[in-house]
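1. The sequence and its predicted three-dimensional model are supplied below.
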Amino acid sequence: MADENVLCIKQKDLPTDWLKERLSLDLSWHDFLQLATGLKAEFMPRNVIENNADYKQLIPYVLLSDQLGRTAFYRRCGSEKRLDGCFSIGIGGHIRDDDFTDAVFSWNELREKALQRELQEELPGFAPLASPLFLGLINEELTKVGHSHLGLVYLFENIDSENLVVGEELGQLNWAEPKQLFKEGQRHFEIWSELAFELISGLS
């Protein structure tokens with residue numbers, strides 16, 4: 001973590017409606033770019049800003065659905081210890097300066113490079129048939145993790161779940177019909193997963 005420079009934006013520079021206590025904002029990639037292009041995104045050492053609520057670290061949060069329409073989920077047991085034990089439907093990670101050409105940030109390279117690198121770490125050999133859909137933004141201010149992170153939600157559809165290789169940090173990837181995921185009392189999901197589910201369910 002000490003050597004990582006991750007992408008962030010000062011909270012005071014973000015649109016106030018992106019910083020609601022619980023937010024799932026349905027947004028096209030075009031509309032997001034219209035709003036985001038004027039923001040000053042910068043790389044800072046992760047160990048400096050990880051718990052600094054003056055900044056929001058931008059996190060691609062990727063959802064997977066297979067050819068049967070099932071959604072992937074897993075129990076967290078990775079590097080983010082504050083979420084250990086929670087279930088998640090999103091594969092996410094920080095955007096690093098070495099994801100970009102000459103370490104210069106470009107919104108146009110975000111999906112092609114930063115997103116690809118993160119997915120290759122979690123799903124070795126991942127080769128989707130199409131580009132992901134950008135669904136919108138999620139934010140929550142109820143947890144320490146949420147205070148300093150802003151989620152950019154993507155969806156890969158029609159994944160071949162039978163032949164998907166899962167990396168060590170994810171552990172076991174499970175699949176379920178969307179209506180079965182959040183059955184009351186069955187699993188405890190992180191808040192971001194609840195918010196992302198609103199986007200794919202058309203509830204936002």
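-> Perfect, thanks for sending it.
2. Now do stretch 159-176, average pLDDT.
-> For stretch 159-176, mean pLDDT is 88.
3. Following the chain past the lowest-mean-pLDDT helix or strand in the chain, name the next helix or strand.
-> Every helix and strand in the chain was compared by mean pLDDT, DSSP states H and E; the lowest is helix 107-109, with a mean of 79. Sequence order places helix 115-122 as the next helix or strand after helix 107-109, per DSSP states H and E.
4. Would you mind listing the buried residues in that next one?
-> Neighbour counts over helix 115-122 (16 or more other C-beta atoms under 10 Å) mark L115, Q116, E118, L119, E122 as buried. In this view, the C-beta of every residue, glycine as well, is placed from N, C-alpha and C.
5. what sits against the last one?
-> Applying C-beta atoms under 8 Å, 6 or more residues apart in numbering, one finds that E122 lies in contact with I91, G93, V166, G167, E169, L170.
6. Give me the pLDDT for it.
-> Looking at E122, its pLDDT stands at 90.
7. likewise S106?
-> In this prediction, S106 carries a pLDDT score of 78.
8. So, low pLDDT: which residues of this protein?
-> Applying pLDDT under 70 to the chain flags the ranges 1-2, 77-85, 184-185, 202-204.
9. Tell me how far the most centrally placed residue in the chain lies from L68.
-> For the chain, Y61 is the residue whose C-alpha lies nearest the centre (C-alpha atoms, centre = their mean; 1.4 Å). Noted for Y61: a distance of 22 Å to L68, by C-beta to C-beta, to the nearest Å.
10. swap in F197?
-> From F197 to L68 the distance is 18 Å (C-beta to C-beta).
11. who's more crowded, the two?
-> F197 (23 against 10; other C-beta atoms under 10 Å).
12. residues in contact with L170?
-> Y74, G78, I91, E122, L123 are the contacts of L170 under C-beta under 8 Å, 6+ apart.
13. where does it fall, helix, sheet strand or coil?
-> What DSSP: H, G, I helix; E, B strand; the rest coil gives for L170 is coil.
14. wait, I191 sits on E141?
-> No. In this structure, I191 is not within contact of E141 by C-beta atoms under 8 Å, at 9.8 Å.
15. Could you list every helix and strand in contact with the top helix by length along the chain?
-> In the chain, with assignment by DSSP state H, the single longest helix is helix 191-201. Packing partners of helix 191-201 (3 or more C-beta pairs under 8 Å, 6 or more residues apart in numbering; DSSP states H and E): strand 22-26, strand 55-66, strand 87-88, strand 133-140, strand 149-159, helix 178-181.
16. Need the contact partners of it.
-> Helix 191-201 has contacts (C-beta under 8 Å, 6+ apart) with 22-24, 26, 61, 63, 65, 71, 73, 86-90, 92, 135-136, 138-140, 142-143, 146, 151, 153, 155, 178, 181-182, 189, 203-204.
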